[in-house]
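Colleague: coordinates only, no sequence provided:
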């Protein structure tokens, strides 16, 4: 078994520290962040906030997980019960591409329903996700199924094409003809 991406549950507000510690030990990590403007009575400040508070992603061989679990601030490897589950490579790739696109990105509620589309052009080309409208802006929702968390990146609807999945009737017709 090779190195796969896993989600690590970490102490809240320790994401950057755990990320730096693991990188210093030679692990490939990914801590997706976004810029948030916070307003106080006397000032406004821009803060870099993790898209998934309490989680970072790390690529490693699951059979050599003890050094990961011994890292200060790491709670556990996300999975089903006590069994760690790898994050889908395409979900990490899409999220990395969205974060690196320079487009505004923000966390949003995890969604399973809605029209699935693929971006045809621009810096987000090839990413698949679900279209939503948040604050009168069209966005593509990218989800990490294992964490049941999502982020939304701003998109231009003219750059998307629908992904057509066969209907139940079409599947039944194909089964009858086979």
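Modeller: Received it, and whenever you're ready, just let me know what you need. Just so it is clear, the model here is predicted, and its values are computed rather than measured.
Colleague: for the rest of this, base every contact and every neighbour count on C-alpha atoms.
Modeller: Fine.
Colleague: next up, phi/psi of residue 67, please.
Modeller: phi -60, psi -30 (degrees, to the nearest 10).
Colleague: and the residue nearest to residue 119 when sequence neighbours are not counted, how many neighbours does it have?
Modeller: Counting by Cα to Cα, 6 or more residues apart in numbering, residue 160 is the residue found nearest to residue 119 once chain neighbours are left out, at 4.4 Å. Residues within reach of residue 160, counting by other Cα atoms under 10 Å, total 22.
Colleague: ok, now how distant is residue 160 from residue 94?
Modeller: Distance from residue 160 to residue 94, counting by Cα to Cα, to the nearest Å: 15 Å.
Colleague: and what of residue 45?
Modeller: 29 Å.
Colleague: these two: who's more crowded?
Modeller: Each of residue 45 and residue 94 has its neighbours counted (other Cα under 10 Å); residue 94 has more, 20 against 9.
Colleague: pLDDT wise, what is the closest residue to residue 55 other than its chain neighbours at?
Modeller: Spatial nearest neighbour of residue 55, chain neighbours left out: residue 9 (4.7 Å); criterion: Cα to Cα, 6+ apart. pLDDT for residue 9: 97.
Colleague: go on, the one 4 residues further on?
Modeller: Reading off the per-residue confidence, residue 13 sits at a pLDDT of 94.
Colleague: measure the closest residue to it other than its chain neighbours to residue 75 for me?
Modeller: Spatial nearest neighbour of residue 13, chain neighbours left out: residue 54 (7.0 Å); criterion: Cα to Cα, 6+ apart. Distance of residue 54 to residue 75, given as Cα to Cα: 9 Å.
Colleague: now the common contact residues for these two.
Modeller: Any residue near both residue 54 and residue 75 by Cα atoms under 8 Å, 6 or more residues apart in numbering counts here, and that gives 9, 10, 11.
Colleague: which ones among those lie within strands?
Modeller: 9, 10 (DSSP state E).
Colleague: save the shared contacts of residue 54 and residue 75 as JSON lines, and put in distance to residue 39 and neighbour count too.
Modeller: Shown next, in JSON lines, are the shared contacts of residue 54 and residue 75 (distance: Cα to Cα, whole Å; neighbours: other Cα atoms under 10 Å):
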{"residue": "9", "distance to residue 39": "29", "neighbour count": "20"}
{"residue": "10", "distance to residue 39": "27", "neighbour count": "23"}
{"residue": "11", "distance to residue 39": "25", "neighbour count": "17"}
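Colleague: and of the shared contacts of residue 54 and residue 75, the nearest to residue 151?
Modeller: residue 9 (17.6 Å; Cα to Cα).
Colleague: does the closest one touch residue 71 like I think?
Modeller: No - if you go by Cα atoms under 8 Å, residue 9 and residue 71 don't touch, sitting 11.5 Å apart.
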